[in-house]
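J.: Have a look; sequence and predicted model below, questions after that.
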Amino acid sequence: MRIALFTKTKVFISSVAQDTLRPLRESMWDILRELGHEPMLFEKNFGAWDSHTNPVQKCIECVRQSDAFLLFISNKAGTFYEKSQRTVTHMELIEAYTRRKTILVFVDSAVKAEYFSKAKVTIEEYVEAHIAETSSFPKASEIVTALRLADLSSHIDPYVWFLIHDIVGRGIYFEDLSLAVAPDWKMYFSDLLRRGIQLMPFKDAIETNERQLEQYDHFYDILASVIPSINITGFRSLTAFLESFQRSVSGEVVEHDYGFVKEPVGSFSACSAVTLYEFQKDRMVVLGKTGSATGDDYYLLDNKDSFVALTYSNPEPDDQVFFKESNCTFYFCLRLPNHVMTFHLPCGQEWNTDKFIASKDSVIRAIIHKNALAFDFVRRLIGGMQHGD
């Protein structure tokens, strides 16, 4: 005898906690339970948590446990978190998208119509003007301020337009929601869930040998304290030196950090080339290059097209990251007292200039976080050599 097993689908029901949506949320709870599935609703079954648990974090954890994410959008946006630059509902959506949940979005039909007829253009024009003026992507709060000043319906929170714009940008399809005329939700979800929503659980597996890690830390501490006290007179092979660091600098996923959630936005690959330039009078002169590097023999300090010259001549002696769309590569320029060492990091085709501008801080964090020890080692070695001179 064959027994058919029915797997319950966990459906996270998300919306702003506004009075007009409460009946719909409760109705969805009942309908999904009648269909034999497991709805997840804040006011129903999120369970108990102690006073030390952040309610936002609890919501995010429940999104992770779900198989599908159901979002209703009307005219209210909910609580905006300044640090995250997102609302709770928006962070829930980001988590569902990042975890590749099945996402179902319903937007009030009047709100949807005004977004496509007016708000969408307002956002696009403001973002374009902001980038042209500042070479940076505006924060969510700045976009919301611009929307508040625009000729848009006053009863709709400006952040709602920003949320819908993000949903459109992610390529998430959404349907009309009419609170006045209730559709046959039971038939809709019965057809949808009958197709089957496959949950693909995963967990991060991190294996660490504590003894080796302690030995490594101890060795690095010794090395860090010894190098400044010795004279390094030069390179036996500059090419071999640069190739060693080319091999040591690896790729990483770039993530936007919203505080409660992190969202991958792209990635970059292992280092493909390294160059080392030295300051001499009015220019930066190449000492060596590896891999696919094709830089000139020197760059004058006033050359605004040279990443090396821009980094060294910057009044703030900071490391810099640049992006070239023609070959889809990040250039991380390590600023040293008399040198600039540049690491070429190829990135995926998902990157373009606008995306880089919007994600520049996240790119820098990802590069440095992944390769901090290698960059620190370079500083100490080159510093020791300059001390020897």
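T.: Received, thanks.
J.: Give the closest residue to Phe235 in space, chain neighbours not counted.
T.: Counting by Cβ to Cβ, 6 or more residues apart in numbering, Phe241 is the residue found nearest to Phe235 once chain neighbours are left out, at 5.4 Å. Just so you know, the C-beta spots here come from the backbone N, C-alpha and C atoms, and that holds for glycine as well.
J.: Looks to me like that neighbour is in a helix.
T.: Yes: according to DSSP: H, G, I helix; E, B strand; the rest coil, Phe241 belongs to a helix.
J.: pLDDT score for it?
T.: Here the pLDDT value assigned to Phe241 is 89.
J.: Surely it touches Ser248?
T.: No: counting by Cβ atoms under 8 Å, Phe241 does not reach Ser248; the two are 11.2 Å apart.
J.: hey, where'd the strands end up in the stretch 1-150 of the chain?
T.: 10-15, 38-40, 68-73, 80-81, 86-87, 102-108 (DSSP state E, counting those that start in this stretch).
J.: mind checking which of the ones you listed is nearest Ser359?
T.: Ranking the strands of the stretch 1-150 of the chain by proximity to Ser359 (Cβ to Cβ) places strand 86-87 first, at 15.2 Å.
J.: For His369, grab the count of nearby residues.
T.: Neighbour count of His369, defined by other Cβ atoms under 10 Å: 10.
J.: what helix or strand is it on?
T.: Assessed by DSSP states H and E, His369 sits inside helix 353-388.
J.: And for Phe322?
T.: strand 320-324.
J.: Check Val160 too.
T.: Counting by DSSP H and E, Val160 is found in helix 158-169.
J.: Contacts for that helix, please.
T.: 73-77, 80, 87, 89-90, 93, 105, 107, 111-112, 115, 119-120, 122-123, 140, 143-145, 147-148, 152, 174 (Cβ atoms under 8 Å, 6 or more residues apart in numbering).
J.: How far away from the center of its chain is stretch 69-89?
T.: Taking Cα atoms, centre = their mean, to the nearest Å, one finds stretch 69-89 lying 18 Å from the centre of the chain it belongs to.
J.: right, I mislabeled it, should have said stretch 264-276
T.: Distance, stretch centre to chain centre, for stretch 264-276: 16 Å (Cα atoms, centre = their mean).
J.: lowest average confidence, helix or strand, in this protein?
T.: helix 210-226 (a mean of 61; mean pLDDT, DSSP states H and E).
J.: can you give me the helices for the protein?
T.: 22-34, 42-45, 55-65, 88-98, 109-114, 120-134, 140-149, 158-169, 185-194, 210-226, 238-248, 307-313, 353-388 (DSSP state H).
J.: I'd like to know which of those is closest to Phe330.
T.: helix 353-388 (6.4 Å).
J.: Just the buried positions in the closest one, please.
T.: For helix 353-388, the neighbour count (16 or more other Cβ atoms under 10 Å) marks 355-356, 358-360, 362-367, 370-371, 374-375, 377-378, 380-385 as buried.
J.: looking at it, Arg99 is touching Val63, isn't it?
T.: Yes: with contacts counted by Cβ under 8 Å, Arg99 reaches Val63, the gap being 7.3 Å.
J.: Comparing the two, which residue is more hemmed in?
T.: Using other Cβ under 10 Å, the more surrounded residue of Arg99 and Val63 is Val63, with 22 against 15.
J.: thought the more buried one was touching Ala96?
T.: Yes: if you go by Cβ under 8 Å, Val63 and Ala96 touch, sitting 5.4 Å apart.
J.: The residue nearest to Asn54 when sequence neighbours are not counted - how many residues pack around it?
T.: Spatially, and ignoring its direct neighbours in sequence, Asn54 is nearest to Phe260 (7.6 Å; Cβ to Cβ, 6+ apart). By other Cβ under 10 Å, 20 other residues sit near Phe260.
J.: about what we covered before: kindly reformat the helices of the chain as JSON lines containing distance to Lys289.
T.: Conversion of those to JSON lines gives the following (distance: least, Cβ to Cβ, whole Å):
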{"stretch": "helix 22-34", "distance to Lys289": "61"}
{"stretch": "helix 42-45", "distance to Lys289": "57"}
{"stretch": "helix 55-65", "distance to Lys289": "45"}
{"stretch": "helix 88-98", "distance to Lys289": "38"}
{"stretch": "helix 109-114", "distance to Lys289": "54"}
{"stretch": "helix 120-134", "distance to Lys289": "32"}
{"stretch": "helix 140-149", "distance to Lys289": "41"}
{"stretch": "helix 158-169", "distance to Lys289": "39"}
{"stretch": "helix 185-194", "distance to Lys289": "56"}
{"stretch": "helix 210-226", "distance to Lys289": "26"}
{"stretch": "helix 238-248", "distance to Lys289": "7"}
{"stretch": "helix 307-313", "distance to Lys289": "11"}
{"stretch": "helix 353-388", "distance to Lys289": "15"}
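J.: thinking again about what came up before, off-centre distance for the helix holding His369?
T.: Relative to where its chain is centred, helix 353-388 has its mean C-alpha point 18 Å off (Cα atoms, centre = their mean).
J.: Show me this protein divided up by domain.
T.: The chain is divided into the following domains under automatic domain parsing: 10-194, 210-388.
J.: what's Thr89 in contact with, if anything?
T.: Applying Cβ under 8 Å, 6+ apart, the residues contacting Thr89 are 14-16, 71, 77-78, 163.
J.: pretty sure Lys101 is in contact with Leu70, am I right?
T.: No: the pair Lys101 and Leu70 fails to qualify as a contact (Cβ under 8 Å) at a distance of 10.0 Å.
J.: where do the contact lists of the two overlap?
T.: In contact with both Lys101 and Leu70: Phe12, using Cβ under 8 Å, 6+ apart.
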